[in-house]
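> sequence and predicted structure are below.
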Amino acid sequence: MRFSSTRRCSICNLRRGSRYCLRKGKYICWSDCNELRIDLKCPSGCSYTLKQSDSSQQDLPFQLQVKTDSRKEFRELLLKEMDKWIITPQPLFGNRMPLEMADSATGKKEIENLFLKFKIPDFIPMKYLADRLHLDSLKIPELIPDYENTAAEYLDKIIAQDWAGMLHYKLNQNHYAREIYLNNFLNRIKNNRILRKMREHNLIASAVTDDHRQALVFHEINGKYDLTVTLYRKNSQWFVKGFIMGPLELVNGENEAIQQIAVLLSKNDFSRAFSLLRKYTDIYFDSADMYYYWGMYYSLTHNPAAAEIYFLTAIEIDPDFIEAKYNYAYILHTRGDKPGARDFYREIIEQNPQYLKALNNLASLYIEEGNFTEAADLLELCLGIDPDFKFARENRNRLQKLIEEEK
Ligand SMILES: [Zn+2]
């Protein structure tokens, strides 16, 4: 597993030196890369080089063909491009400078007319240009918060310990209306050593899937820790799914880590499973699978109290994780929390009416409570789905005996 280096930028000595600059022969930050490449004098061999635009006078200005690691980096480069554009003689305006043209009402109108011809893409920060040249009649579309904005605002809420505000950004926020999940979630946040000490966050890179439904935003926390926010888009809004305590490439390692742990547990290799679980839970902070396997680990090593805590976290993160919910309900059941177990069994059946183990166990619970009619209905349902389900047959025999004894 590779962790990114936390080396500093050799120009500002402040931000992370996340890329190697061919021009300086040193590692630099994306912000200083923007400062350098805007003059178009970077070596052509560098993948981050800004090339002279080959767009014609008929095209919308500011369409940069350049590699950037985030939308923010691209936007800040565009601001520099705008600064340059307004003080450069423009052939399409007869070699006049936009900054000087903007001194007169007619010149301003000419500039406005140019931009009125286009539908301006939302990633171009037109407001900045309009403000600099006082293009008052230009209609600027409202900027829609993107995944990078959403991730940054979410982290700000955590720094401010504004828990209610934070939930507003969270995927499945209705789920957190339930106190048991909310408290579990807040405890995880408050007990995490990186999140607890977070004072500042700096964007390093981001990525989005081709269908624009999922995004990853990688930050440096307090100048030394890696943190990637994972987000989902619902309707046109971005929501936070969770955190990975590492650079964004680590998102690809989660499934492999889970598989390794599952294999070790199936072989009863508990000591190796334990050390992998420790290692990966530090990274995959919001992996429901990881907590589920912690639950399995503690179930298999006969520590139901610990297993209960981890199964709860698995369903706190993923309310649709039926197997984890069943294991949680079963632990409640065996330790005598019948009302708790009943609620969760019912919930499972609501989510998956064919889930035999929950149907049968809820029937058991009803038998224990003397609620024979409901128990019989459930067992009938259960055996209707699988007539050979052993535990349901046993329960039905037990129930029949009890009913006969009562007569
Ligand atoms: Zn720098």
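Yep, it's here. Numbers count the residues shown, from 1 in each chain.
> helix, strand or coil for H302?
When states are read from DSSP: H, G, I helix; E, B strand; the rest coil, the local structure at H302 comes out as coil.
> can you give me the end-to-end distance of stretch 333-344?
Using CA to CA, to the nearest Å, one end of stretch 333-344 lies 10 Å from the other.
> pull out the buried residues from that stretch.
Using 16 or more other CB atoms under 10 Å as the burial criterion, the residues of stretch 333-344 that qualify are 333, 340-342, 344. (C-beta placed from N, C-alpha, C; glycine too.)
> using TSV, lay out these together with distance to the ion, pLDDT and secondary structure.
Converted to TSV, those look like this (distance: CB to the ion, whole Å; pLDDT from 0 to 100; DSSP: H, G, I helix; E, B strand; the rest coil):
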residue	distance to the ion	pLDDT	secondary structure
H333	58	96	helix
G340	54	96	helix
A341	57	97	helix
R342	59	96	helix
F344	52	97	helix
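> against I349, how distant is whatever residue of the stretch 251-400 of the chain ends up closest to the ion?
Closest residue of the stretch 251-400 of the chain to the ion, CB to the ion: V251 (26.2 Å). Computed as CB to CB, to the nearest Å, the V251 to I349 distance reads 34 Å.
> in three-state terms, label the residue nearest to the spatial centre of the chain for me.
Among the residues of the chain, the smallest C-alpha distance to the mean C-alpha position (CA atoms, centre = their mean) belongs to T230, namely 1.7 Å. Put simply, T230 is strand when judged by three-state DSSP.
> what pairs with it across the strands?
When bridges are taken as DSSP bridges, the partners of T230 come out as L216, G242.
> enumerate every residue touching it.
For T230, the residues meeting the contact criterion (CB atoms under 8 Å, 6 or more residues apart in numbering) are 214-216, 240-244, 251, 286.
> go with 10 Å
Under the criterion of CB atoms under 10 Å, 6 or more residues apart in numbering, the contact partners of T230 comprise 147, 151, 171, 214-217, 240-244, 248, 251, 286.
> tally of neighbours for the residue of the stretch 251-400 of the chain closest to the ion?
Here the neighbour count serves as a burial measure; for V251 (other CB atoms under 10 Å) it reads 17.
> residue contacts, it?
V251 makes contacts with 207, 214, 216, 218, 228, 230, 244, 284, as judged by CB under 10 Å, 6+ apart.
> among the residues you listed, which one sits closest to H201?
Nearest to H201 among these: F218, at 10.3 Å, using CB to CB.
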